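In: I need the structure of the sequence given here:
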Amino acid sequence: MTNRLTALACAALILAPAARGEDAKTAPAPDPWKITWEVGAEERVRSEAQNNSFDWNDATDDHRLWYRFRTRVWGKATIGTRGEVYVGLNNESRKTVHPDTPFKWDEVVFENAYVDWKLDPSVSLRVGRQNLMRGEGFVLFDGTSGDGSRTAYFNAVDVTFGWKKSKVELIGISDPAKDWYLPVINDKNKLLQEWDEAAVGLYTGRDLPKTAIDGYVFWKSEKDDYRATTNAQFQPDRQFGTVGARVVQQLPEGFSVTAEAAWEFGQEKPKPGVAGGDKDIAAWGGYVYAKKTFPLSWKPSLQVGWIGMSGDDPKTTKNEGWDPLFSRWPKWSELYIYSQVPEKGVAYWTNLSMWQAEILASPAKFLSLRGTYYYMNAFEPFPGSPKVFGKGKKRGDMYQARADVTFSKSLKGHVLYEYLKPGDFYVGRDSAYFLRFELIYSFKKIF
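Out: The predicted structure is shown next:
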């Protein structure tokens, strides 16, 4: 009897893996049409103060202090392995304390509204209002530069072809100066940028074991500047191409090198009756930096690099000023985007040469620290108001400090301070500062 039981036990042990294999083969495949729902909300509160960022002159009362309240709600339906449908609403209202102005509720807009669908395992399609960021956002990040950090969406079609560790994206963009694709609640008739924008592009990416390579080409139209033709900042209609590439190379001993370069070409065409003829566009922009990460528990790193964007040389018949394409956002500074208003427009990065040194560290799991220094120059003096702009090329020295704190899975915040001492690019010599406190609470539910 004992021998029989032993034999049966051995047989069971031998056959068990085979039985599990048979079960795995016959297990039902995931339902490609099963719907999973997600709903979520986010509240962001910011306190921001700044002074002298427009004219660098203490004699002018341009100190600003305001509170910003941004509310987001969204819903997403994930349809098995096929794709997803996403809709998100956004409102950002603010209270300006200095100078004191009444609080008013602002618009409620569709921040996102898109359908993402897999046509087959290697081809996907996303159509509608969506966020797009490629690389570090040097040419593609913000499609609504005129509304600050409220939204960054594009009205776009993005077709992606992917295989192994490579992909190719075909992107079409249509961003009018005002939001007329989707309804706006409590419409304030806001401008999202100074002109109507449209573009088509090709973006490619390839990931190798220690190297990542991106390449892109875009053709863009900017037309119907809403400002009067007599305005010094008025821009004629323009069509231009942007061709560029980005490389990230990992090196031994915690070193890495990142570089991106792009070139622009095309034409500006004044409207009938506006003085001036066609102007060729010939501009360039890029950056390069090296980073060293140290093998310590608090993850310190040191980064040194250079950023450059060409300026328009008034002695030529061409326009050599870099056009930031879709990257008018505070990539390098929150303070300086306001200083760019008297030149071309908010966050219009152009005519700039900056050396950068940056230190990062995370002394605790919940805390990240950053300290950054920029030595800022221009390639060309700016022929603007003599009350603001000097005849030199040194923009100034900028210092930044930031601390990010994660309180919980749902609550996080940061403190940011920026200080700039202006150079002879400006007439004023009084320093400027920017100070922000931020809290973000968010949650989501999946069912």
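
In: for the rest of this, base every contact and every neighbour count on C-alpha atoms.
Out: Noted.

In: nearest the middle, which residue of this structure would you pick?
Out: Centroid-nearest residue in the chain: Phe141, 3.7 Å away (criterion: C-alpha atoms, centre = their mean).

In: can you give me the helices in the chain?
Out: Assigned by DSSP state H, the chain shows helices spanning 2-26, 336-339.

In: lowest average pLDDT across those helices?
Out: The stretch with the lowest mean pLDDT among the helices of the chain is helix 2-26, at a mean of 40.

In: list the contacts for the closest residue to the residue nearest to the centre of the chain other than its chain neighbours?
Out: Of all residues not flanking Phe141 in the chain, Met133 sits nearest, at 4.5 Å (C-alpha to C-alpha, 6 or more residues apart in numbering). Residues in contact with Met133 (C-alpha atoms under 8 Å, 6 or more residues apart in numbering) are Leu140, Phe141, Asp142.

In: before we move on, the earlier item: quick check, pLDDT for the residue nearest to the centre of the chain.
Out: On the pLDDT scale, Phe141 is placed at 97.

In: against Gly321, how distant is it?
Out: Phe141 sits 20 Å away from Gly321, going by C-alpha to C-alpha, to the nearest Å.

In: can you give me the neighbour number for Leu192?
Out: For Leu192, the count of nearby residues is 20 (other C-alpha atoms under 10 Å).

In: same check on Gly390?
Out: Neighbours of Gly390 (other C-alpha under 10 Å): 20.

In: confidence score at it?
Out: 95.

In: quick one: buried residues of stretch 193-201?
Out: Neighbour-count burial for stretch 193-201 flags Gln193, Glu194, Trp195, Asp196, Glu197, Ala198, Ala199, Val200, Gly201 (criterion: 16 or more other C-alpha atoms under 10 Å).

In: could I get the average pLDDT for that stretch?
Out: 97.

In: what's in contact with that stretch?
Out: Stretch 193-201 is contacted by residues 144-147, 170-178, 216-227 when judged by C-alpha under 8 Å, 6+ apart.

In: narrow those residues to just the buried residues.
Out: The neighbour-count test (16+ other C-alpha under 10 Å) applied to the contacts of stretch 193-201 identifies 144-146, 170-178, 216-225 as buried.

In: isn't Trp329 up against Ser145?
Out: Yes. Trp329 lies in contact with Ser145 (C-alpha atoms under 8 Å); the separation is 6.6 Å.

In: between these two, which contacts overlap?
Out: In terms of C-alpha under 8 Å, 6+ apart, Trp329 and Ser145 are both contacted by the residues Ala347.

In: quick one: low-confidence residue ranges for this protein.
Out: 1-28, 271-276 (pLDDT under 70).

In: run a quick neighbour tally on Asp214.
Out: 20.

In: the nearest residue to it once chain neighbours are set aside and Phe161: what is the separation?
Out: Leaving aside its chain neighbours, Asp214 sits nearest to Gly205 (4.4 Å; criterion: C-alpha to C-alpha, 6+ apart). The gap separating Gly205 from Phe161 is 11 Å, by C-alpha to C-alpha.

In: is the spatially closest residue to Ile446 that is not a sequence neighbour in a bridge, and if so with what?
Out: Spatial nearest neighbour of Ile446, excluding adjacent residues (C-alpha to C-alpha, 6+ apart): Glu38 at 4.4 Å. Glu38 has these beta-bridge partners by DSSP bridges: Lys76, Ile446.

In: go on, the one 10 residues further on?
Out: In this structure, Glu48 bridges to Trp66, Arg436 when assessed by DSSP bridges.

In: any idea how far the closest residue to Ser166 other than its chain neighbours is from Asp278?
Out: Of all residues not flanking Ser166 in the chain, Arg206 sits nearest, at 4.4 Å (C-alpha to C-alpha, 6+ apart). Using C-alpha to C-alpha, Arg206 is found at 38 Å from Asp278.

In: Provide a list of residues in contact with Ser53.
Out: For Ser53, the contact set (C-alpha under 8 Å, 6+ apart) comprises Leu335, Tyr336, Tyr338, Ser339, Ala432, Tyr433.

In: tally of neighbours for the third one?
Out: Other residues near Tyr338 number 19, with proximity taken as other C-alpha under 10 Å.

In: the fifth one too?
Out: Look at Ala432: counted by other C-alpha under 10 Å, it has 24 neighbours.

In: quick one: it from Lys365, how far?
Out: Distance, Ala432 to Lys365, by C-alpha to C-alpha: 33 Å.

In: ok, now the third one?
Out: Using C-alpha to C-alpha, Tyr338 is found at 34 Å from Lys365.

In: how about the last one?
Out: Using C-alpha to C-alpha, one obtains 29 Å as the distance from Tyr433 to Lys365.
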